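Enquirer: Give the three-dimensional model of this entry:
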Amino acid sequence: MFSLISGIFTSGTWEEKSDEISFADFKFSVTHHYLVQESTDKEGKDELLEDVIPQSMQDLLGMNNDFPPRAHCLVRWYGLREFVVIAPAAHSDAVLSESKCNLLLSSVSIALGNTGCQVPLFVQIHHKWRRMYVGECQGPGVRTDFEMVHLRKVPNQYTHLSGLLDIFKSKIGCPLTPLPPVSIAIRFTYVLQDWQQYFWPQQPPDIDALVGGEVGGLEFGKLPFGACEDPISELHLATTWPHLTEGIIVDNDVYSDLDPIQAPHWSVRVRKAENPQCLLGDFVTEFFKICRRKESTDEILGRSAFEEEGKETADITHALSKLTEPASVPIHKLSVSNMVHTAKKKIRKHRGVEESPLNNDVLNTILLFLFPDAVSEKPLDGTTSTDNNNPPSESEDYNLYNQFKSAPSDSLTYKLALCLCMINFYHGGLKGVAHLWQEFVLEMRFRWENNFLIPGLASGPPDLRCCLLHQKLQMLNCCIERKKARDEGKKTSASDVTNIYPGDAGKAGDHLVPDNLKETDKEKGEVGKSWDSWSDSEEEFFECLSDTEELKGNGQESGKKGGPKEMANLRPEGRLYQHGKLTLLHNGEPLYIPVTQEPAPMTEDLLEEQSEVLAKLGTSAEGAHLRARMQSACLLSDMESFKAANPGCSLEDFVRWYSPRDYIEEEVIDEKGNVVLKGELSARMKIPSNMWVEAWETAKPIPARRQRRLFDDTREAEKVLHYLAIQKPADLARHLLPCVIHAAVLKVKEEESLENISSVKKIIKQIISHSSKVLHFPNPEDKKLEEIIHQITNVEALIARARSLKAKFGTEKCEQEEEKEDLERFVSCLLEQPEVLVTGAGRGHAGRIIHKLFVNAQRAAAMTPPEEELKRMGSPEERRQNSVSDFPPAAGREFILRTTVPRPAPYSKALPQRMYSVLTKEDFRLAVKIIDGDV
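Expert: Numbers count the residues shown, from 1 in each chain. Below you'll find the predicted structure:
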């Protein structure tokens, strides 16, 4: 046996095992509750065989765990570390009749005697809400009866300690005179509900501030944060006298020595408001609700709200001819009015401006936030710009989008998600979301048709680590970039034709070497250069190749049946720059890197479609051959470009540049005895009829500018614009929810960094880990998404509680650094622990603050003038004389009475006895533990 350390009932690990039994045609659940103990050694087991009273009886005298803040009710009432409870299995069932109770108790007593079990066994009787238990424990020569009294109203004679002592003494019936002294432990609990002068500091959201650049009192584009109500509803102060003896203290119906200020121990717990309304949680929750809506944008805004005039929609060929029209619409300056003129025109045809879900001021502010290049004289390049409010690109916070599959925090997609969130919450709800999305889609088409790059998107192909909507926007930007470069190339080509003879047109490209070329680009194996570095030259890019005349002009048809010698007579075209080291194997001419087409960018849904098409070709020889040809389109294009730039070249020359690992060189000794390098194609290149050989044989010497485009930007842009136009608000919310969760996590991390709460840091890491697992899968379950949002809301409430407590305890007002650290540590413990001990009780720094909180609340309740407060801060006698007490009446009073007496006879063994009582306004409970020995 070993004594329990202080606080083990709360800090220790409790476990339970349950089973169901049937007794007298009645189902009961049997639950074994026990505290996990480390030192359960053999000695403890051997002692059970000796004449030693059971463990539960020995624990009666231990005072280290008298008032555990969090434990099973039987642990608090009887101080047990192990017990078994038998209760009706169904929640609605109850043991109400006295005969059933007696039958159960007698059966329990017989079972304990037959088995030799020394663990206390309880039976729950009456309705479960009353928490009434009776029980028994047996040991060698001893027997413990656990009895209980429960009343809804406290009898007047038992409202104080003297009356409870009378009950206890009569209950134990000690035959000795005088009676042994009774040891007493007392706890009074006071509740503070009125936080006078400590209003909740959260400002209500300013809905009208959006036009001025703010939403919810915050900078526009930022998520709100904080609880709309005080998340701390009550403060419970427990004043404890742990070791008192009968006779040294008076507590009766006339006078009491139990002044809370004089209590040696103070402990505090806070009661948290249940599900406080939190701005960030509501924001994300309301946005998530859109995911369940089924209406389309047209159904929400009205079917004809955005339709063209009948003459514009009558013939689809008009739209197609407009899309393929080479001339671009001249736009002198990009501005907000230009950006939304098309949408406004269409809306006004069918409804008034005042009927629009979003007014002009709100809409223009949002569009300027999303498209900052609209106010600049020179449009931005469309690449991601650095914002001072965003984390650095190499930081862990910035790269969260990789884990969440969302979008970078400075991207257009991310900003769009925030704007839609705010519109849904503050302006028009679902209709406002549909309206803004329609405007956004119209803006995307406007930029495509007028060659304006989309800002806030990283250049390059779609980033497959981001959400699909972000990939679609990046794809559209790629299309705009290609179209813009092609249009500029046509203008340049047209202007240069007047200055260059037709016969010299091909020479202009022969010496084209960009000034900004990096040295690394010239390394062996580099696959040409980017589109931007050559598309603004005089090189023209054909929409589609019409063979015959263009090829005849260069004599390139001879390349079909002629060998390297015939090809060597062709004029080189489409050269980028000369390779530094390599020369052609057959004629020794320098090898030139050709201008090549870039591979077609792909979004993840296009990749999936392509994979499905390739998989459907099957495993037959014909299917495999067709699959290889489909996959070698880019290879064929590069071969044709290489042949055009290097007349007289061979497959070996192409492999040396394109795939150096497939050209194996080794040193050999020639006829003259000199060591020379001899090369040959790798084994896979020598396989008969392999893809590379077939592609080389079919490739014509055609420069990239004359080839059919690998990437049809017009078709792909129209596909993207169509995809955007058919998105329902629910689809849009699904796409952008990862961005919203991403933004919420960043906001929580930002707010936590101001408070520095260690427990919150751990929870945030768990949220990130959980979110990364859920969001990486397509179409995550709603239940899992709700769990993530619930976790974010809980963290927001936790941070709000910390701020509430810091405001109430005035941590920022402390002048001494040591006191400030102690208070912050105290507040942190209040958040994490069920109950916190106040150092110095009422005389410590935290105790004085708590005392002042109660005094202010009492003064406000009694409407006492402030000067009266000074009178009460004197001696205890002076405070009692005042009409208003510093503390309200105790909400709960708990007493534990202990003694050691012989029972049932004077010559019996002296055994511990215990009685616990709790008195509240509408509840009175006695839990008596009487131990009898052998007569």
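Enquirer: elements contacting the top strand by length along the chain?
Expert: Ranked by residue count and defined by DSSP state E, the top strand of the chain is strand 232-245. If contacts are counted by 3 or more C-beta pairs under 8 Å, 6 or more residues apart in numbering; DSSP states H and E, strand 232-245 sits against strand 183-192, strand 265-272, helix 782-809, helix 845-862. Just so you know, the C-beta spots here come from the backbone N, C-alpha and C atoms, and that holds for glycine as well.
Enquirer: Need these in TSV (columns: mean neighbour count, mean pLDDT and distance to residue 704).
Expert: Shown next, in TSV, are those (neighbours: other C-beta atoms under 10 Å; pLDDT from 0 to 100; distance: least, C-beta to C-beta, whole Å):
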stretch	mean neighbour count	mean pLDDT	distance to residue 704
strand 183-192	20	94	79
strand 265-272	18	92	67
helix 782-809	20	90	46
helix 845-862	18	87	77
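Enquirer: if we can go back for a sec, and the longest strand of the chain, what's buried?
Expert: Neighbour counts over strand 232-245 (16 or more other C-beta atoms under 10 Å) mark 232, 235, 236, 237, 238, 239, 240, 241, 242, 244 as buried.
Enquirer: Looking at those residues, spot the one nearest residue 783.
Expert: Closest approach to residue 783 among the buried residues of strand 232-245 (C-beta to C-beta): residue 232, at 30.3 Å.
Enquirer: What separation do you get for the closest one and residue 248?
Expert: Going from residue 232 to residue 248 by C-beta to C-beta, to the nearest Å gives 37 Å.
Enquirer: so where is the stretch 1-150 of the chain shaky, pLDDT-wise?
Expert: Applying pLDDT under 70 to the stretch 1-150 of the chain flags residues 1-3, 38-52.
Enquirer: the strands in it, which residues?
Expert: Remark: strands assigned in the stretch 1-150 of the chain by DSSP state E, counting those that start in this stretch are 14-23, 26-35, 82-88, 121-125, 132-139, 142-151.
Enquirer: would you turn these into TSV with distance to residue 933?
Expert: Formatted as TSV, the strands of the stretch 1-150 of the chain follow (distance: least, C-beta to C-beta, whole Å):
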stretch	distance to residue 933
strand 14-23	30
strand 26-35	26
strand 82-88	21
strand 121-125	20
strand 132-139	10
strand 142-151	5
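Enquirer: could I get these as JSON lines with mean neighbour count?
Expert: JSON lines is the format used below for the strands of the stretch 1-150 of the chain (neighbours: other C-beta atoms under 10 Å):
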{"stretch": "strand 14-23", "mean neighbour count": "11"}
{"stretch": "strand 26-35", "mean neighbour count": "16"}
{"stretch": "strand 82-88", "mean neighbour count": "20"}
{"stretch": "strand 121-125", "mean neighbour count": "22"}
{"stretch": "strand 132-139", "mean neighbour count": "22"}
{"stretch": "strand 142-151", "mean neighbour count": "18"}
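Enquirer: out of those, which comes closest to residue 106?
Expert: Nearest of those (C-beta to C-beta): strand 132-139, 9.9 Å.
Enquirer: contacting residues around that closest one?
Expert: For strand 132-139, the surrounding residues in contact (C-beta atoms under 8 Å, 6 or more residues apart in numbering) are 52-54, 56-57, 74, 83, 85, 101, 105, 108-109, 112-113, 117-126, 143-148, 150.
Enquirer: my read: residue 470 touches residue 411, true?
Expert: Yes: the criterion here is C-beta atoms under 8 Å, and residue 470 meets it with residue 411 at 6.6 Å.
Enquirer: the more surrounded of these two?
Expert: Legend: neighbour count by other C-beta atoms under 10 Å for residue 470 and residue 411, higher for residue 470 (30 against 25).
Enquirer: what's the helix or strand for that one?
Expert: helix 468-497 (DSSP states H and E).
Enquirer: just checking, what packs against that helix?
Expert: Using 3+ C-beta pairs under 8 Å, 6+ apart, helix 468-497 sits against helix 412-426, helix 429-449, helix 532-535, helix 604-616, helix 713-725, helix 729-755.
Enquirer: What's the mean pLDDT across that helix?
Expert: The average pLDDT for helix 468-497 rounds to 79.
Enquirer: in that helix, what's buried?
Expert: The neighbour-count check on helix 468-497 (16+ other C-beta under 10 Å) flags 468-486, 489, 492-493 as buried.
Enquirer: try stretch 369-378
Expert: Within stretch 369-378, the residues scored as buried using 16+ other C-beta under 10 Å are 370, 371, 373, 374.
Enquirer: With respect to residue 402, which of these is nearest?
Expert: Within the buried residues of stretch 369-378, the smallest distance to residue 402 is 23.2 Å, found for residue 370 (C-beta to C-beta).
Enquirer: show me what contacts the closest one?
Expert: Taking C-beta under 8 Å, 6+ apart, we find residue 370 in contact with 412, 415, 416, 419, 440, 456.
Enquirer: And for the third one, the neighbour number?
Expert: Burial of residue 416 is recorded as 25 neighbouring residues (other C-beta under 10 Å).
Enquirer: so who does it touch?
Expert: 370, 440, 736, 739.
Enquirer: Pick out the most distant pair among these.
Expert: Top of the distance list for the contacts of residue 416 (C-beta to C-beta): 440 and 739, 14.2 Å.
Enquirer: Between those two, which is the more surrounded one?
Expert: Legend: neighbour count by other C-beta under 10 Å for residue 440 and residue 739, higher for residue 739 (29 against 21).
Enquirer: Number of residues surrounding the residue lying closest to that one once chain neighbours are set aside?
Expert: In this structure, residue 739 finds its nearest non-sequential neighbour in residue 417, 3.7 Å apart by C-beta to C-beta, 6 or more residues apart in numbering. As a burial measure, residue 417 scores 28 neighbours (other C-beta under 10 Å).
Enquirer: need the contact list for residue 417.
Expert: 407, 736, 739, 740, 743.
Enquirer: ok, and the closest non-adjacent residue to residue 788?
Expert: Closest to residue 788 by C-beta to C-beta, 6+ apart is residue 771, at 5.3 Å.
Enquirer: Can you get me a residue count around that neighbour?
Expert: Neighbour tally, residue 771, other C-beta under 10 Å: 27.
Enquirer: pretty sure it is touching residue 406, no?
Expert: No: Residue 771 lies out of contact with residue 406 (C-beta under 8 Å); the separation is 9.6 Å.
Enquirer: For the two, list the residues in contact with both.
Expert: residue 741.
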